[in-house]
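Asks: 3D, please:
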Amino acid sequence: MRSAVPQGAARPLGAGSAADAAAGAMPGGSGHSRWAQVLWPAGSIVPRPQAVAVAVLAFLAFGVAVGDAVRPSQSSSPPLVVADVPAPASTQAATSAPPPVESAVTPEVTAVAVTPKPAAVAKPKKTEPASKAPAPVPNALPAVKHVFEIVLDEHGFTEAFGASSSATYLAKTLTAQGELLSNYYSVAGGALANEIALISGQGPTPQTVANCPAFTDITPGTIGAEGQVAGTGCVYPAQTDTLAGELAAQGKSWKAYVEGVASGAAGEPATCRHPALGSSDPDQVAVPGDPYVTWRNPFVYFHSVIDGSACTKRDVGLDQLAPDLRKAGDTPSLAYIVPDRCHDGSEQPCAPGAAAGLAAADSFLQKVVPEIERSAAYKEGGLIAITFDQAPQSGPNADPSACCETPKYPNLLLGPMAGATGATGTTTTGATGTALGTTTTTTTAGSNGGETTPTGGGGRVGLLLISPFVKAGSSTEVYYDHFSLLLSIEELFNVKRLGYTANPALVSFGRAIYNAPAPKG
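Replies: Numbers count the residues shown, from 1 in each chain. Coordinates of the predicted model:
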């Protein structure tokens, strides 16, 4: 049976046991002890007040014990004295007074504890506005707006640009202003064939190699692999595209500035001058008073140019260049500049006692190039390209070599091209990548790891580029050719690739060529 008073609670009340309390209740009793001294003072018949309290508590404890003994245990209540016993810590915390109402039920405190405020949520990093222009692409092409292409005639690289060149203005003054591409080649034997390649990507025919003594259509004129027109003859069918037509289709302008075109006999046109279709060409050789020859003007060999009115407006005399340079808006996107036989470098003088060769070409450049460089069109984004249609194909300086794996031309069935099928040959890797199929299997290594062929091409002619976008006095030995130049112009103006320039293996000019430091600011 459960004790009425817990052991720990009884001790402070001063009773060792019930017997001790009873014995000490009477003065002088046999159970007298030190507690009796406290409860009843010696010689007193009246107990101290403490004795009375102890007696009352003892009586109550006895009553509680009796009640416990007769009451069912499950319904028993704790004795009254338990109220004075300290509760365990956990019980005390449960029964302690609650904190002030403000802190217990404040909604704001509860919200912070359960749901974080929006301000506490980490925000994503700030992004740039969608309308901001993207950063410039490192390999992006420069913003060339005007290309001035000057094509001289029949001199190789060493003659024109070497240390002993008689063209000192070209080889020294202009070379110091621009970038010299020393391993730059023409693509066929024959001046006209190379000029046609420069504006259309077309390979030669036997007649264009011979500068077309008869002005006849190419027959059958079907278009085959790589956009090449198949057949023999000189004038390409109307569906054959040219750089001029592609520029016009994109809303850009072009002009051929042909020196001497207006110097013909009475009744001959002063622009877009060419023989009647199907006739012999009377302007194969320069004569006194008329230094113009048809085969130096490649645009008139395309029906897509000569059949419309564009030719008379766009294939004009050199005298129109200066007026067109006065305003950038009047300057065409492409200016193809053709010196006549008095100034194109021909070794045959155009008149008795007249200068000839590279010295005459140098005089032409001294007049024309500064005019271009002073123009607003050049300053706002100009590029001058100076090259030769081919190197000499006979004589002591003959150079029939090619580079960059010149294509196997389907229309040439004689000489080193005999048996050609028109398919692109095996590609090889040069200084900057792969290029087109070779014309012959016999090759010699170039000075920069590229390959050259001893036959089948027009020789090494060099190319000089002058522009705000190229570094003055720079040079490169990377291998390029006339098709590379056409492709590079197509890329600058974002027009369709023509003929052989559509071959993905052909190497064009990139940021390595456009090497001028970026403008500050």
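
Asks: residues touching Ser186, list them.
Replies: Residues touching Ser186, when contacts are defined by C-beta atoms under 8 Å, 6 or more residues apart in numbering, comprise 194, 388-391, 402, 457-459, 461, 481-482. The way it works is simple: take the backbone N, C-alpha and C, and place the C-beta from them, glycine included.

Asks: Over to Ala140?
Replies: Taking C-beta under 8 Å, 6+ apart, we find Ala140 in contact with Arg511.

Asks: Dump the contacts of Ser186 into TSV; add secondary structure and distance to Leu243 as well.
Replies: Rendered in TSV, the data for the contacts of Ser186 read as follows (DSSP: H, G, I helix; E, B strand; the rest coil; distance: C-beta to C-beta, whole Å):
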residue	secondary structure	distance to Leu243
Asn194	helix	14
Phe388	strand	19
Asp389	coil	16
Gln390	coil	19
Ala391	coil	23
Ala402	strand	22
Gly457	coil	21
Gly458	coil	19
Gly459	coil	23
Val461	coil	19
Asp481	strand	16
His482	helix	12
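
Asks: among these, which one has the lowest pLDDT?
Replies: For the contacts of Ser186, the weakest pLDDT value sits at Gly457, with 89.

Asks: how close does that residue sit to Ser186?
Replies: Distance of Gly457 to Ser186, computed by C-beta to C-beta, to the nearest Å: 6 Å.

Asks: what do you get for Leu198?
Replies: Between Leu198 and Ser186 the computed distance is 9 Å (C-beta to C-beta).

Asks: Over to Val209?
Replies: Distance of Val209 to Ser186, computed by C-beta to C-beta: 12 Å.

Asks: try Gly178
Replies: The span separating Gly178 from Ser186 equals 20 Å under the rule C-beta to C-beta.

Asks: Also Ala193?
Replies: The span separating Ala193 from Ser186 equals 9 Å under the rule C-beta to C-beta.

Asks: Now list whatever residues contact both of those two.
Replies: Taking C-beta under 8 Å, 6+ apart as the contact criterion, the common neighbours of Ala193 and Ser186 are Gly458.

Asks: in the helix or strand hosting Ala322, what's buried?
Replies: Element membership of Ala322 [criterion: DSSP states H and E] is helix 321-324. Applying a neighbour-count criterion of 16 or more other C-beta atoms under 10 Å, one finds 321, 324 buried in helix 321-324.

Asks: and after that helix, which helix or strand comes next?
Replies: Using DSSP H and E, the helix or strand that follows helix 321-324 towards the C-terminus is strand 334-338.

Asks: Output that following strand in CSV with nothing but the alpha carbons.
Replies: Output in CSV follows, covering the C-alpha atoms of strand 334-338 (Å, rounded to 0.1, in the frame of the first residue of the first chain):
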residue,chain,number,x,y,z
LEU,A,334,32.7,47.1,-106.4
ALA,A,335,34.9,49.2,-108.6
TYR,A,336,36.7,47.0,-111.2
ILE,A,337,39.5,49.1,-112.7
VAL,A,338,41.1,48.2,-116.0
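
Asks: Name the residues that touch the helix or strand following that strand?
Replies: Under the assignment DSSP H and E, the closest C-terminal helix or strand after strand 334-338 is helix 357-374. Here helix 357-374 makes contact (C-beta under 8 Å, 6+ apart) with 148, 150, 152, 155, 159-160, 165-170, 174, 318, 321-322, 325, 337, 339, 342-347, 354-355, 378, 382, 384, 386, 466.
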